[in-house]
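Enquirer: Following is a predicted model, sequence given first.
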Amino acid sequence: MAFSFPATMTTPLVIPSVDDLHDAALAERLQRAIDDKTKPLGALGRLEALMLRLGLILGTEAPTLQAPQMLVCAGDHGLAARGVSAYPSDVTWQMVENFLAGGAAVSVLARQHGVQLSVADCGVARAIAAREAAPGAPRLLQCRVAAGTQDASQGPAMDAAQCAQALVHGMAIVRGMPGNALLLGEMGIGNTSVASLLLARLGGVPLSECVGAGTGLDAAGIARKQAVLQQALEANNQAHEPLDALAALGGFEVATLAGAVLQAAAERRVIVVDGFITCAAVLVASRLQPHVLQRCVFSHRSGERGHGAMLGVLRAEPLLDLGLRLGEGSGAALAWPLLESACRVLREMASFASAGVSQQSA
């Protein structure tokens, strides 16, 4: 069923509190359970660290992932008119239709892994028509703030009220979702530029290390993109606090994702982060509530140039490195089976004692 918010919302912006998950006793029990499985110590490599993280997020020695939700947020950007992408802005609405029709990569992967796909129109230039969806099929969430942001190279992309509205939308979406796991995805021509700007401003990374090919720019296109983004940083030179920077430089889809991340973290859901743009939303959320990062599993290292620097700022170690640079949530969906395997091994793999297997000699 289509889901929509009113054109204007009066709900005030209240950033949810995200508590520290530190629990030494639980961590010790989890590590003991992992070490007691019928294997040499550390033999499952980084899967063991994932088992520990999932147990701590969900607060149990027997974690179970329930009703996973993939949220793909879409929006357009005024910056796109400056030639920062190899594709026209029309591709944003066209790809949203493709998501909903089940033909995009993330649609296929969500269907394969039994993950419910929701696509949010946060501010696509061409409005997406409401439609009914069959149970389990991709569903449309209509939470438009405006028909795309303003050109950040000339001034703020959003005003404070628009930014707050997008954040509130993201929080409300998650509150209405079942399950205990949220996978993040996005769509928006020009949004690698937004991620680059937020990384430079909030992460302190030189802009030249943040800017990449995006959807496939050549060397001249990347140079043009960097020049436009430098103008955007200069045009918004006073916007350094997280919400100010998000409003000045961000996009409606990034702000909606940041709100979703904050709400999911407050509800102690597992947050599966995709690539460069979803990491930018996590960066903003973590600057508002640092313990957000304790709830995050970073799915992959993107082929986009700035993503390595972004992961460094977030102190994140991704699960996969496949050279992906598609976005959409494709990396999060590909990594999802690893999370399911980690939980199953922790719950179902025998211990030395239960299996009657001898342990390593002292």
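Expert: That came through fine. Numbers count the residues shown, from 1 in each chain.
Enquirer: what domains does the record give for this protein?
Expert: 24-64+345-355, 66-337 (automatic domain parsing).
Enquirer: Could you single out the most deeply buried of the ones you listed?
Expert: domain 66-337 (a mean of 22; mean count of other Cβ atoms under 10 Å). Any C-beta I mention is one placed from the backbone N, CA and C, and that applies to glycine too.
Enquirer: and the end-to-end length of it?
Expert: This stretch, domain 66-337, spans 13 Å end to end (Cα to Cα, to the nearest Å).
Enquirer: can you check stretch 241-254 too?
Expert: Its start and end residues considered, stretch 241-254 measures 16 Å (Cα to Cα).
Enquirer: ok, now stretch 139-149?
Expert: Span of stretch 139-149 from end to end, Cα to Cα: 24 Å.
Enquirer: could you give the mean pLDDT of it?
Expert: For stretch 139-149, mean pLDDT is 97.
Enquirer: now swap in stretch 337-351 and tell me
Expert: Stretch 337-351 comes out at a mean pLDDT of 97.
Enquirer: got it, and stretch 210-229?
Expert: Mean predicted lDDT for stretch 210-229 stands at 90.
Enquirer: Show residues contacting that stretch.
Expert: 79, 82-87, 153, 189, 192-193, 195-197, 199-200, 207-208, 304-306, 309, 325 (Cβ atoms under 8 Å, 6 or more residues apart in numbering).
Enquirer: Can you get me the start-to-end distance on it?
Expert: 10 Å.
Enquirer: what's the answer for stretch 106-122, then?
Expert: 18 Å.
Enquirer: Using the three-state scheme, assign Tyr119.
Expert: That one is not Tyr; residue 119 is Val. Here Val119 is recorded as strand under DSSP: H, G, I helix; E, B strand; the rest coil.
Enquirer: ok, now which ones touch it?
Expert: Going by Cβ under 8 Å, 6+ apart, Val119 touches 72, 74, 96, 99-100, 138-141, 187.
Enquirer: all strands of the stretch 201-350 of the chain, in order?
Expert: In the stretch 201-350 of the chain, strands defined by DSSP state E, counting those that start in this stretch lie at 270-273, 296-298, listed in chain order.
Enquirer: closest one to Glu340 among these?
Expert: strand 270-273 (10.9 Å; Cβ to Cβ).
Enquirer: Mind checking the pLDDT average for the closest one?
Expert: 98.
Enquirer: Who does that strand pair with, and is each partner parallel or antiparallel?
Expert: Strand pairing for strand 270-273, using DSSP bridges, gives strand 181-187 (parallel), strand 296-298 (parallel).
Enquirer: can you give me the helices for the stretch 151-300 of the chain?
Expert: 160-175, 191-203, 219-235, 242-249, 252-266, 276-288 (DSSP state H, counting those that start in this stretch).
Enquirer: Now do the contacts for the residue lying closest to Leu293 once chain neighbours are set aside.
Expert: Excluding the flanking residues, the one nearest Leu293 by Cβ to Cβ, 6 or more residues apart in numbering is Ser286, at 5.2 Å. Counting by Cβ under 8 Å, 6+ apart, Ser286 touches 292-293, 314.
Enquirer: got it, and Pro178?
Expert: Applying Cβ under 8 Å, 6+ apart, the residues near Pro178 are 66-67, 69.
Enquirer: Just the ones in strands from the residues you listed, please.
Expert: Residues of the contacts of Pro178 located in strands (DSSP state E): Gln69.
Enquirer: picking up where we left off before, of the contacts of Ser286, which is the nearest to Leu50?
Expert: Using Cβ to Cβ, those come closest to Leu50 at Leu293, 15.1 Å.
Enquirer: Determine the longest helix present in the chain.
Expert: Longest helix of the chain, by residue count under DSSP state H: helix 330-348.
Enquirer: Please enumerate residues in contact with the helix or strand just after that one?
Expert: Once helix 330-348 ends, the next helix or strand along the chain (criterion: DSSP states H and E) is helix 352-355. By Cβ under 8 Å, 6+ apart, the list of residues contacting helix 352-355 from outside reads 36-38, 358-359.
Enquirer: and Asn98, how far is that from Ala146?
Expert: Going from Asn98 to Ala146 by Cβ to Cβ, to the nearest Å gives 23 Å.
Enquirer: Low-confidence ranges, the stretch 1-150 of the chain, go.
Expert: 1-3, 5-10 (pLDDT under 70).
Enquirer: Run through the strands of it in chain order.
Expert: 3-4, 69-75, 116-123, 139-142.
Enquirer: With distance to Phe298 added, can I get the ones you listed in CSV?
Expert: Putting the strands of the stretch 1-150 of the chain into CSV (distance: least, Cβ to Cβ, whole Å) gives the following:
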stretch, distance to Phe298
strand 3-4, 28
strand 69-75, 16
strand 116-123, 20
strand 139-142, 24
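Enquirer: Ok, which of these comes nearest Asp274?
Expert: When those are compared by Cβ to Cβ, strand 69-75 sits nearest Asp274, at 9.3 Å.
Enquirer: partners of the closest one, with directions?
Expert: Partners of strand 69-75 in its sheet, by DSSP bridges: strand 116-123 (parallel), strand 181-187 (parallel).
Enquirer: how far does stretch 45-61 sit from the chain's center?
Expert: 20 Å (Cα atoms, centre = their mean, to the nearest Å).
Enquirer: which residues in the stretch 1-150 of the chain form helices?
Expert: 24-35, 46-58, 90-101, 105-113.
Enquirer: Correct me if wrong: Leu326 contacts Ala105.
Expert: Yes. The criterion here is Cβ atoms under 8 Å, and Leu326 meets it with Ala105 at 6.0 Å.
Enquirer: just to revisit the earlier point, Ala160: which of the strands paired with strand 69-75 is closest?
Expert: Among the strands paired with strand 69-75, strand 116-123 sits nearest to Ala160 (Cβ to Cβ), with 15.6 Å.
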